[in-house]
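K.L.:
quick check, what structure comes out for this input:
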Amino acid sequence: MSYTVKITDILSLTHDVKMLKTEKPSGYNFTPGQATEVAINKEGWKDEKRPFTFTSLPEDDFLEFVIKSYRDHDGVTKQIEDLIEGDELIIDDAWGAIQFKGKGVFIAGGAGITPFISIFRSLEDAGNLDGNKLIFANKTGKDVIMESYFHEILAEDFFSILDGEKLEGHSFGRVNMEFLKENLSDLSQQFYVCGPQPMVESVSEILKQLGANPDGITFEK
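P.N.:
You can find the predicted model right below:
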């Protein structure tokens, strides 16, 4: 089923990431971590659907998306960057495999953080943040989406790692075997991985090699 929703608010989060709030259709529901197909309600773009994750909570009276723009090609995200309040999106029903299954370690690369935003907000709301960790990989400090929020809610359980610049307060390098060995003490817990496909595959493989239960690793297939 498709719904047309009006954009009510737009906020820049980083140099290439925006947060869009929209109306919420009556009775619309999703689970934190889920996504929907989104198209722009403009001539030539109505059939160009792309998956974006909800970053709001199911009980909010609005929908919210955090969307990174890829300006190097004239695609949907570049178009989204030029939208203004009052423009409309077309969304489908919610879908997605990433949802909270118990305390654990969340490992995100770049825009792969989006399913975890709603999950962490939901855990914060319920007072269940303790025991969850976030490892967030980016190229540079200016790419880190909602960094202050994660510092605030997770404190020392938030690890930021950059592979494009050395910056105080961030680890340097990639989420590889060495980094995970050093930063993970309990491999019996849940793992949630989201990001570019090559990263998801390599991190999942390393976790298995380190002894994590393959059934305890959640990612979007």
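K.L.:
so which elements touch the lengthiest strand in the chain?
P.N.:
Of all the segments of type strand in the chain, defined by DSSP state E, the longest one is strand 3-14. The contact analysis (3 or more C-beta pairs under 8 Å, 6 or more residues apart in numbering; DSSP states H and E) places strand 3-14 against strand 17-22, strand 88-91. No exception for glycine: its C-beta is placed from N, CA and C like everyone else's.
K.L.:
and the helix or strand following the longest one, C-alpha only, in PDB?
P.N.:
From strand 17-22 onward toward the C-terminus, using DSSP states H and E, the following helix or strand is strand 35-40. Once side chains and other backbone atoms are set aside, the C-alpha atoms of strand 35-40 remain, and they are given as PDB (Å, rounded to 0.1, in the frame of the first residue of the first chain):
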ATOM      1  CA  ALA A  35      12.500   0.900   6.700                       C
ATOM      2  CA  THR A  36      10.100   1.700   3.800                       C
ATOM      3  CA  GLU A  37      10.400   2.400   0.100                       C
ATOM      4  CA  VAL A  38      10.300   6.200  -0.500                       C
ATOM      5  CA  ALA A  39       9.700   8.100  -3.700                       C
ATOM      6  CA  ILE A  40       9.400  11.800  -4.400                       C
END
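K.L.:
so strand 35-40 versus strand 17-22, what angle?
P.N.:
Going by axes from the mean of the first three to the mean of the last three C-alpha atoms, to 10 degrees, strand 35-40 is angled at 90 degrees with respect to strand 17-22.
K.L.:
contacts for strand 35-40?
P.N.:
Taking contacts as C-beta atoms under 8 Å, 6 or more residues apart in numbering, the residues outside strand 35-40 that touch it are 30, 45-54, 65, 76, 79-80, 83, 87-96, 115.
K.L.:
one more: stretch 134-147?
P.N.:
Stretch 134-147 has contacts (C-beta under 8 Å, 6+ apart) with 13-17, 66, 68, 105-111, 113, 116-117, 120, 150, 154, 157-165, 167, 170, 174-175, 183, 195, 199.
K.L.:
just the buried residues from those, in ChimeraX please.
P.N.:
With 16 or more other C-beta atoms under 10 Å as the criterion, this ChimeraX line picks the buried residues out of the contacts of stretch 134-147:
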select :13,14,16,17,66,68,105,106,107,108,109,110,111,113,116,117,120,150,154,157,158,159,160,161,162,170,174,175,195,199
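K.L.:
remind me what the helix or strand of the chain with the lowest mean pLDDT packs against, helices and strands.
P.N.:
Within the chain, judged by mean pLDDT, DSSP states H and E, the helix or strand with the poorest mean is helix 76-81; its value is a mean of 88. With contacts taken as 3+ C-beta pairs under 8 Å, 6+ apart, helix 76-81 sits against strand 17-22, strand 35-40, strand 63-68.
K.L.:
if we go to 10 Å?
P.N.:
Here helix 76-81 touches strand 3-14, strand 17-22, strand 35-40, strand 50-53, strand 63-68, going by 3 or more C-beta pairs under 10 Å, 6 or more residues apart in numbering; DSSP states H and E.
K.L.:
just send these back as JSON lines, with distance to S188 too.
P.N.:
Listed next are the helices and strands packed on helix 76-81 as JSON lines, based on distance: least, C-beta to C-beta, whole Å:
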{"stretch": "strand 3-14", "distance to S188": "35"}
{"stretch": "strand 17-22", "distance to S188": "34"}
{"stretch": "strand 35-40", "distance to S188": "28"}
{"stretch": "strand 50-53", "distance to S188": "27"}
{"stretch": "strand 63-68", "distance to S188": "31"}
